[in-house]
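Novice: missing the sequence, but the structure's below:
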DNA sequence: AAGATCGTGGTACGTTCGTATCACGAAGAA
DNA sequence: TTCTTCGTGATACGAACGTACCACGATCTT
């Protein structure tokens, strides 16, 4: 039975089991035995490929983050530059709302990590998300570009609006998670602000004013099927399991 | 030694010990022994006044919520109706930002509870905050009043703006908690939106804005002035410690 | 062929946690 | 006074957790 085995593959398998069980029962209550059972392996195996729980946790969250980043990228590429920057911004924000299982798990686990890292300095030490300001910068750039091409009101401060949009999206995501708000109402609020930021009259040069996107514009919630299109590619961070 | 003792006083003492230790080391890692040590009593005492950990947790969070609600009420009363509704709205929002120890603890524990309640239905069953929409309704009322008196732009939807302001405040509060953002920058973003919502020129003739259907039209479930000055006053929920 | 290494299973150890049990002195009731 | 109830201490118990240890067959190297 014990042929030579692809370590990275096994680690991914276990990490995804961790993500599933953590998304189901919460990050705080996940144990090595749970992960082992979910992955269909023995406890010893989880110990073998990840020596300690902290390493397992970190790797699992990193994997989740990579997968989600890739998913957002796919979704952004799917909408393309055709419909204009507003559609791109909207896609970026909507991709972060917990509307399906994967985004729900991501939002839950990311929030759990953020809260835990407030009081647990061991967690705070690890970055988890390589650059926490990446989304803010990307969104700011999108808004600035829209302003330059006359599609967005140049009178607003792009960075402030980017911060605001992301902040609203985050809290509303949590509200959706706890069942206090529906995704539709969250989208309505976001659209309200996009209506404000993006002008409705066509700019001087020939341009097509974006359609007033309806609440249910994200019809392609599940289309791109980003699931495992590109499995993490290569992220080598070092330590192979050497023990015994 | 064992004189007759005020139970409610002891419970409060222990509950505040819970709040302190939870604010320091996180809600997830607080144990009955920690609370006992922090309160300077024996483990048995914590068991005696709260029979189970779940009851202790719930009572402690309830106490925290009451204290904070009272604090916000005091702060709102302190600013008074003199400077106008904008100052009141600003005070309401700023009071929620984690700027000192008490607001920091409240924000941290409230967020922890929210995240935990996503996957722990036992926690989700308890309301913790009596009315989660109280702040939203109060803020909406404030904005509507400002619109009626011509101090705020009647073209915006009050409820949507209230939701947005609270959502931004919440996320930015967490950002402050994790050290990603300073309170000053958060205030700057909020002020940016208050500048937008509140007009700068004095009100023209008596304005007649049409009724704008809100995202959800359950108007004013709660009067303005949600916080009562009395700290906790009477909140009887039943069970006295009867055991042995 | 022989020995070293790898992948795997089973299980034990020490700690921590929430809760339960036993005991006992002091205060109010009769 | 006597008895019952109350407040408190110390400690025990069972479960769960992360981790460590031991064993063993399969594979690779030389």
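Specialist: Received, thanks. These numbers come from a predicted model, not from an experiment.
Novice: so who does the spatially most central residue of chain A touch?
Specialist: When C-alpha atoms, centre = their mean is applied to chain A, the residue found nearest the centroid is residue A:68 (4.4 Å). Residues touching residue A:68, when contacts are defined by C-beta atoms under 8 Å, 6 or more residues apart in numbering or on different chains, comprise A:102-103, A:106. C-betas here are computed from N, CA, C, even on glycine.
Novice: after the strand or helix carrying it, heading C-terminal, what element do we hit next?
Specialist: Secondary structure assignment for residue A:68, by DSSP states H and E: helix A:53-79. Sequence order places helix A:85-96 as the next helix or strand after helix A:53-79, per DSSP H and E.
Novice: is that following helix anywhere near chain B?
Specialist: No - judged by C-beta under 8 Å from any C-beta of the partner chain, helix A:85-96 stays clear of chain B, getting no closer than 11.5 Å.
Novice: what mean pLDDT does the very next helix or strand once past that helix have?
Specialist: As assigned by DSSP H and E, the chain's next helix or strand after helix A:85-96 is helix A:101-119. Average pLDDT, helix A:101-119: 97.
Novice: after helix A:101-119 comes which helix or strand?
Specialist: Past helix A:101-119, heading to the C-terminal end, the next element that is a helix or strand (DSSP H and E) is helix A:121-125.
Novice: check which helices and strands the next helix or strand after that next one sits against.
Specialist: Helices and strands here follow DSSP H and E; after helix A:121-125, the next one along the chain is helix A:134-148. In terms of contacts (3 or more C-beta pairs under 8 Å, 6 or more residues apart in numbering or on different chains; DSSP states H and E), helix A:134-148 is packed against helix A:85-96, helix A:158-177.
Novice: how far out from the middle of the chain is the first one?
Specialist: Going back to what we said before, that points to helix A:85-96. 13 Å (C-alpha atoms, centre = their mean, to the nearest Å).
Novice: which elements pack onto that helix?
Specialist: When contacts are defined as 3+ C-beta pairs under 8 Å, 6+ apart, helix A:85-96 packs onto helix A:53-79, helix A:101-119, helix A:134-148, helix A:158-177, helix A:183-197.
Novice: list the buried residues of the helix or strand bottoming out on mean pLDDT in chain A.
Specialist: Across the helices and strands of chain A, mean pLDDT, DSSP states H and E gives its lowest value to helix A:121-125, namely a mean of 87. Within helix A:121-125, the residues that qualify as buried by neighbour count (16 or more other C-beta atoms under 10 Å in any protein chain shown) are A:123-124.
Novice: right, is that helix up against chain B?
Specialist: Yes - against chain B, helix A:121-125 shows contacts by C-beta under 8 Å from any C-beta at residue A:124.
Novice: which residues sit against that helix?
Specialist: When contacts are defined by C-beta under 8 Å, 6+ apart, helix A:121-125 is touched by residues A:54, A:113, A:116-118, B:178.
Novice: average pLDDT for stretch A:74-86?
Specialist: When the per-residue pLDDT values of stretch A:74-86 are averaged, the result is 89.
Novice: any idea how far it is from the middle of the chain?
Specialist: Put simply, stretch A:74-86 sits 17 Å off its chain's centre (C-alpha atoms, centre = their mean).
Novice: pull out the buried residues from that stretch.
Specialist: The neighbour-count check on stretch A:74-86 (16+ other C-beta under 10 Å) flags A:74-76, A:79, A:84-86 as buried.
Novice: report the contact partners of the residue lying closest to residue A:63 once chain neighbours are set aside.
Specialist: Take residue A:63 and drop its neighbours on the chain: the residue closest to it by C-beta to C-beta, 6 or more residues apart in numbering or on different chains is residue A:15, 4.4 Å away. Counting by C-beta under 8 Å, 6+ apart, residue A:15 touches A:56, A:59-60, A:63-64.
Novice: repeat that with 10 Å
Specialist: A:35, A:39, A:49-50, A:56-64, A:67, A:232 (C-beta atoms under 10 Å, 6 or more residues apart in numbering or on different chains).
Novice: which of those residues come close to DNA strand C?
Specialist: The subset of the contacts of residue A:15 within reach of DNA strand C, by C-beta under 7 Å from any atom of the strand, is empty.
Novice: and these, which is the shakiest by pLDDT?
Specialist: residue A:232 (34).
Novice: do you know the pLDDT at the residue of chain A at minimum distance from DNA strand D?
Specialist: Nearest to DNA strand D in chain A, going by C-beta to the nearest atom of the strand, is residue A:31, at a distance of 3.1 Å. Per-residue confidence for residue A:31 comes out at a pLDDT of 98.
Novice: got it, and residue A:131?
Specialist: For residue A:131, the pLDDT comes out at 75.
Novice: go ahead and confirm it touches residue B:180.
Specialist: No - with contact defined as C-beta atoms under 10 Å, residue A:131 does not count as touching residue B:180 (11.5 Å).
Novice: which one's more surrounded, those two?
Specialist: Regarding residue A:131 and residue B:180, a neighbour count based on other C-beta atoms under 10 Å in any protein chain shown identifies residue B:180 as having more, with 13 against 9.
Novice: I figured the more buried one hits residue A:114, correct?
Specialist: Yes - at 9.2 Å, residue B:180 and residue A:114 qualify as touching, with contact defined as C-beta under 10 Å.
Novice: what touches both of those two?
Specialist: A:132, B:174.
Novice: the host helix or strand of residue A:47 packs against which elements?
Specialist: When elements are defined using DSSP H and E, residue A:47 is found to belong to helix A:43-49. When contacts are defined as 3 or more C-beta pairs under 10 Å, 6 or more residues apart in numbering or on different chains; DSSP states H and E, helix A:43-49 packs onto helix A:7-25, helix A:32-39, helix A:53-79.
Novice: neighbours around the nearest residue to residue A:18 once chain neighbours are set aside, how many?
Specialist: Distances taken as C-beta to C-beta, 6+ apart put residue A:60 closest to residue A:18, at 4.0 Å, once the chain neighbours are dropped. A total of 26 residues lie near residue A:60 under the criterion other C-beta under 10 Å.
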